[in-house]
Structures are given as C-alpha cells and as structure tokens.
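Peer 1: sequence first, then the predicted structure:
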Amino acid sequence: MTSTAQAPKSGARAAHPEHLGHVIFIAAAAAMGGFLFGYDSSVINGAVEAIRDRYDVGSAALAQVIAIALIGCAIGAATAGRIADRIGRIRCMQIAAVLFTVSAIGSALPFALWDLAFWRVVGGFAIGMASVIGPAYIAEVAPPAYRGRLGSFQQAAIVIGIAVSQLVNWGVLNAADGDQRGKLMGLEAWQVMLGVMVVPAVLYGLLSFVIPESPRFLISVGKHERAREILTEVEGKDVDLDARVTEIEHAMKSEHKSSFKDLLGGGFFFKPIVWVGIGLSVFQQFVGINVAFYYSSTLWQSVGVDPTDSFFYSFTTSIINIVGTVIAMIFVDRIGRRPLAIIGSVGMVIGLALEAWAFSYHLVDGKLPATQGWIALIAAHIFVLFFALSWGVVVWVFLGEMFPNKIRAAALGVAAAAQWIANWAITASFPSLADWNLSATYVIYTAFAALSIPFVLKFVKETKGKTLEEMG
C-alpha cells in the first residue's frame, strides 16, 4: 500500500491541533535559526566601508571577505541534512547556535583581515545549517493544513533578522556620531554591530532545549511512544495515531538511508525533481536580492546618498521586506505557491528594470539627478516587496515540501547548497560589476527575474495541501 493511499485513513490532512498556539511556538522557536541567518547575513552591510578603510582593500578583495561566509553556508547546508538524520534536528540546531555565538565574538574582535574572514566562514556554516534544518523541522512538525503558513515562519524570521540588524547598525552608527569607525565601548562601531549577534545566538540555543524532537526522526530511531506524544501535541487527538505512525514509517523506510547516490538518475546527473529544487534556489539568488542586504548602504553612498541616510534606507527596505513576507504568509496556503511565485517575478522585473534605467544616468556633482534618484529608491523598494511576497517565502516552502520522503534530507541539502553558491556568485561579483557598469548589472538581474516565469510555469508543481508522504 502506498503512503498516498494511507494518508486519508490517519486523518492527518484535516488535522487541527487543540493547542495551535503551542505548535506556533514550536515553529517560531525553530525559525529563530532563520532570524540569525538573516541577521548574520545582512549585519555586514553596516561594516563594508569601515572594513575597506581599516584594512585598505579594493573592491575585489573586499567582495571576497564579504562573500566568503557563503562558502561556509554552502558547506553547512550540504552537510546539515546528514547531521540531522544522524543525531536529530534539535542537536543540529544546538550546534548551529554555538557556531553563531563564537562567530559573533570572533568577528567583533578580529586582529587581521584573514581572521575576520575565518570567523565569517564559521558563521556561514551555522547559517547553512539553519537554512536547512529550519524548514525541514517545521515541515515535519506542522499539521498539513497549516504547513505553508508555519513554513513561512522561516522566511519571516529571516526578514525580521535582516530588519533588526539594519536597525542595530543605524542605532550604533548614530551613537558613534555617524562614523562607522567611531569608538563605542572600546571598539570601533562596526565591531559592535557584528558583536551584538551574541544575544540572539544564545537565545536560539536556549529555545532549542524547550521544543520537541521531530516525530519523523524519533520514529526513524525507534522511539515510537515519544513520537506518538509529539504527534498528539502537533496534529491533535482526532488523528488516528496507529495509522499515522504506520504512514510515516512506510514513507521513511528508505529515508534514513538517503544519500547523495539517491539523488542521481535521469539524463543529466541528478533526478529531475532535484534539478527543479536547484533551479528554484538559483533563481531566488540570481535576481540580486542579497545585493540589497549586503551592499545597500554602499550602493546608495555610491550614487551620492549621505552615509546616515543610506543606513536608514537600508532599514526601510528591510521593513518593506517584512511587509511582503506577511503578505506571502497570508496567501501561501490560500492561492498556492506557484501563483505567488509568478506574481512576484512580474513585480521584480518591473522594479529591477526601473533601477537599471535610473542607474543608467550620469552622476551630477556625485549624485543621481533628483528624478532618477527617487525612482531608483522607490524601484528598489518595489523589487524587495515583490521578492518578499513571493520567492522569499515560496522557495523555502517548496524546498521543505517538494521532495519525496526517501530523498528529502539529501535533496534539500543539495538545493540549499546551490542557493548559497549562487548567493556567493552574486555577492562576490557585485562590487566589480558595479564598478564596471551599475545599470548593466541590474539589466542582468532583470533578465533572471524574467526567466524565472517560464521556469515556474514549465517545471514547478504545486504542493499546497498535500502531506509530505504524498510527495512520492
């Protein structure tokens, strides 16, 4: 009997937990890794020009220091699935919390440029782990009827982390009288910006001790009674626990054996479904979204915006990011993942194209002409809004849902690693591309946003409302 046939018998698809607030707390605690992911990813935005000045490096070398964390992200993402399958999802979160903490301390107290780069790699490894374990854990504990919205917590936490990092950066900069290298508490302002991450990192570690292990992991290691208790907590008493455990066992018979080899097949190395996951990850990054979060302060300063104002615009962009994410959370289970992705792609094309047009004008006295300057600023917010209400959320939801059980952990790891490699390519190339031709750089991002539309229409299947056991 297939898991698809068993699903209706357990009642899982219609499960409604008695204590939804408890399930929400579990998902939110797990998504704290997403908060750290967002915070650690974008806090560097406030330190870019200070690092350039302190270590006297050019655009290419600076880009490598900023982007090197993404190599750690790729490694962390590629290995997190296997680590989680061996020692559990909760232990994986705790390892990530420790790495986030030591990375924050090391990044705040570097004695050389290479030392700063090393701690960024450590933080990157933690981000990569969080990028995989968060959506996977939430998908495994969430009732199917709520999984899209709870899965959105990961992206919501990421964008809140981004916003908080920009608010902290702006506050620290103002406390240092607008000087990124101004002294605060015996350190330069940019060091304080990086060190503040210790607080949420410790909180993430503490929260990991009060949420339950994934019932799927518990069943895979033979702890059936504990799995039943947690299934009752998160799916409700009306679910037939015997049928539910049998359903999960059936679906997971080969899941604990999943390996890189299981992803191979078809005419192009990987199975088609794995390529779709990789494609979603790559398109999510190749539209240039992280330029807005790693380099926005530098970008606005390059077209004549005052440093303090550029930090403020970075913060307002991150607020728009939160607004878009809330919109996505409201609609992801109502209209589905694919429609949101297509709507978002259309909006991103418009925003990016307007930015490309505005940046094509020559600077006058070191600034964009007033009209083009305002259009560039508004278009940047439009781009971020449409990304947030679509690709920012639906890609993480898709990656947590779309793969068959027997390859989910390994496939999610590969797709997330591809995302970090794509992120690195964009992050490492932007300073040099911007020095070459800022407008043409945005034309490239516009082209990828446009190409994402036929990709979704042709290759991506809707996953709304299905149990994980129905994915194959």
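Peer 2: Thanks, I have the structure now. Numbers count the residues shown, from 1 in each chain.
Peer 1: not counting its neighbours along the chain, what's nearest S59?
Peer 2: Distances taken as CB to CB, 6 or more residues apart in numbering place P431 nearest to S59, at 3.8 Å, with adjacent residues excluded. (C-beta placed from N, C-alpha, C; glycine too.)
Peer 1: give the contact list for the closest residue to V287 other than its chain neighbours.
Peer 2: Leaving aside its sequence neighbours, V287 sits nearest to A449 (CB to CB, 6+ apart; 4.7 Å). Applying CB atoms under 8 Å, 6 or more residues apart in numbering, we find A449 in contact with 287, 345, 348-349, 352.
Peer 1: among these, which ones are buried?
Peer 2: 287, 345, 348-349, 352 (16 or more other CB atoms under 10 Å).
Peer 1: so the residue nearest to S59 sits in a helix?
Peer 2: Yes - the assignment for P431 (DSSP: H, G, I helix; E, B strand; the rest coil) places it in a helix.
Peer 1: that one and Q64 touch, don't they?
Peer 2: No - judged on CB atoms under 8 Å, P431 makes no contact with Q64 at a distance of 9.6 Å.
Peer 1: between those two, who's got more neighbours?
Peer 2: Taking other CB atoms under 10 Å, P431 and Q64 do not tie; P431 has more neighbours (26 against 17).
Peer 1: that one: what's it in contact with?
Peer 2: By CB under 8 Å, 6+ apart, the neighbours of P431 are 59-60, 62-63, 295, 298.
Peer 1: only the buried subset of those residues, as a PyMOL command please.
Peer 2: Only the buried entries of the contacts of P431 go into this PyMOL selection, using 16+ other CB under 10 Å:
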select buried, resi 62+63+295+298
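Peer 1: return the closest of the contacts of P431 with respect to G324.
Peer 2: Using CB to CB, Y295 is the member of the contacts of P431 that lies nearest G324, at 19.7 Å.
Peer 1: how about the closest one: what's its closest non-neighbour residue?
Peer 2: Per CB to CB, 6+ apart, closest to Y295 is F430, 5.9 Å.
Peer 1: please tell me how far that neighbour sits from L231.
Peer 2: As defined by CB to CB, to the nearest Å, F430 lies at a distance of 46 Å from L231.
Peer 1: now swap in S390 and tell me
Peer 2: Distance from S390 to L231, by CB to CB: 32 Å.
Peer 1: of the two, who's got more company?
Peer 2: S390 (29 against 25).
Peer 1: any idea how far Y146 is from that one?
Peer 2: 20 Å.
Peer 1: and I407, by the same measure?
Peer 2: In terms of CB to CB, I407 sits 24 Å off from Y146.
Peer 1: the more surrounded of these two?
Peer 2: More crowded of I407 and Y146, by other CB under 10 Å: I407, with 25 against 19.
Peer 1: right, and that one touches D262 too?
Peer 2: Yes - using CB under 8 Å, I407 makes contact with D262 at a distance of 4.8 Å.
Peer 1: of the buried ones among the contacts of A449, closest to V326?
Peer 2: M348 (18.0 Å).
Peer 1: nearest residue to that closest one other than its sequence neighbours?
Peer 2: M348 sits nearest to A449 (CB to CB, 6+ apart), 4.1 Å away.
Peer 1: quick one: low-confidence parts of the stretch 151-300 of the chain?
Peer 2: 252-260, 266-268 (pLDDT under 70).
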